[in-house]
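[1] Here is my input, please return the structure:
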Amino acid sequence: MKNVKAFALLLVAAVLGLVAAIYANNWVGQHNKVAANKVVVATVDIPAGSRLEPEMLTTIDWPATALPTGAVADPAALKSRVVKQDVVRGEAVIDGKLAPVGTMGGLSAVIAEGKRAMTVRVNDVVGVAGFALPGNYVDILVHAQRDEGKGETKPISKTVLEHVLVLAVAQEAGRDDTKPKVVNAVTLELSLADSEKLDLARSIGTLSLALRNQSDEATVSTAGITRTELLGEPKVFKTAAPVRVTPPRPRPAAPRHCIEVIEMPDGSTRQSCFN
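    Coordinates of the predicted model:
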């Protein structure tokens, strides 16, 4: 009797296990049937400004429910297109990261619409010790002589531009390197008005760069600082030289004309004078 009960329990367990296996198999089969589309992805890291070549691209199956906006299915449609933003390996190549059709490669494809690229000379100090890399933002300061009038000048340091994007250092525009690079030139992205400011600033004084946090977009208006304000020197007020007043000379007395009259018969005389 005991053997019959044990056999019955084993049989029930086997049936339940079989049902569970069939259910799991059906569940996996249903999820494997999710619709997928072909999407072009990068096979290598592609820096901004690069022209796409067939060996840089491949296609993979991508779930239709999570298809990236602007995704491309045919690699041939991307031949000779230029990327305006970095694309990492395995990332979908979407139209939003591509320059317009016919755009030439290089730095010009990276410049935002309405902006200009301008290069300034720097040294290891001005260039923030090489940490001003492509993709970073900097403020630009100028040290110049301010005209105080009457032929006098005062040294002043002032921030002339803020939150300026670094496009390239020397002749490299790659943004995947975080190591400092001491170079002699930095290319900046500026509006046309800011380009004019920078051109004037570098002609009247010495430029310096100040590296800033990429997420900090706040601007601060400053009046600049002079040597007197920096060192707390007392202001010197110049007094006018005393003016010597020459007293007027006394007017000479008018000449007097006199006539001596001799009176007769006693011989006495008298004198009459007039002006």
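[2] Low-confidence ranges, the stretch 51-200 of the chain, go.
    Within the stretch 51-200 of the chain, the stretches with pLDDT under 70 are 124-125, 173-178.
[3] again, only this time at 80
    Along the stretch 51-200 of the chain, segments meeting pLDDT under 80 span 102-105, 123-130, 148-151, 170-183.
[4] Might you report the residue contacts of the most centrally placed residue in the chain?
    Nearest to the geometric centre of the chain sits V164, at 0.6 Å (Cα atoms, centre = their mean). By Cβ atoms under 8 Å, 6 or more residues apart in numbering, the residues touching V164 are 137-140, 188-190, 194. Where C-beta positions appear, they are placed from N, C-alpha and C, glycine not excepted.
[5] Pipe those into TSV and attach distance to A76, neighbour count and secondary structure per row.
    Below are the contacts of V164 laid out as TSV (distance: Cβ to Cβ, whole Å; neighbours: other Cβ atoms under 10 Å; DSSP: H, G, I helix; E, B strand; the rest coil):
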residue	distance to A76	neighbour count	secondary structure
Y137	38	20	strand
V138	41	22	strand
D139	45	17	strand
I140	44	22	strand
L188	37	24	strand
E189	32	20	strand
L190	37	22	strand
D194	41	19	helix
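[6] Of these, which is the nearest to P100?
    P100 has its nearest neighbour among those in E189, at 18.1 Å by Cβ to Cβ.
[7] beta partners of that closest one?
    Beta bridges link E189 to A117, L165 when assigned by DSSP bridges.
[8] So P75 sits against P54, correct?
    Yes - using Cβ atoms under 8 Å, P75 makes contact with P54 at a distance of 6.3 Å.
[9] Looking at the two, which has the bigger crowd around it?
    P75 (18 against 11; other Cβ atoms under 10 Å).
[10] Just give the closest residue to the more buried one, not the sequence neighbours.
    Of all residues not flanking P75 in the chain, L57 sits nearest, at 4.5 Å (Cβ to Cβ, 6 or more residues apart in numbering).
[11] Tell me the spacing between that neighbour and A117.
    Distance, L57 to A117, using Cβ to Cβ, to the nearest Å: 28 Å.
[12] Who has more neighbours out of those two?
    L57 (21 against 17).
[13] Phi, psi for the more buried one please.
    Note on L57: backbone dihedrals following degrees, to the nearest 10 are phi -130, psi 160.
[14] give the contact list for V88.
    Applying Cβ under 8 Å, 6+ apart, the residues contacting V88 are 42, 45-46.
[15] now do T59
    38-41, 73, 75.
[16] and with 7 Å instead?
    38-40, 75 (Cβ atoms under 7 Å, 6 or more residues apart in numbering).
[17] Out of those, grab the one that's most surrounded.
    Neighbour-wise, the contacts of T59 (other Cβ under 10 Å) top out at V40, 22 neighbours.
[18] Report the separation between it and G49.
    19 Å.
[19] Name whatever forms a beta bridge with the nearest residue to I60 once chain neighbours are set aside.
    Excluding its sequence neighbours, the residue lying closest to I60 (Cβ to Cβ, 6+ apart) is V41, at 5.7 Å. Per DSSP bridges, residues listed as beta-bridge partners of V41: T58, A92.
[20] What is the burial count for R81?
    22.
[21] Distance check, it against R116.
    Applying Cβ to Cβ to R81 and R116 gives a distance of 24 Å.
[22] Return the subset of the contacts of T59 lying in strands.
    Among the contacts of T59, the ones falling in strands (DSSP state E) are 38-40.
[23] May I see these arranged in CSV, with pLDDT as well?
    CSV is the format used below for these (pLDDT from 0 to 100):
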residue, pLDDT
K38, 88
V39, 90
V40, 91
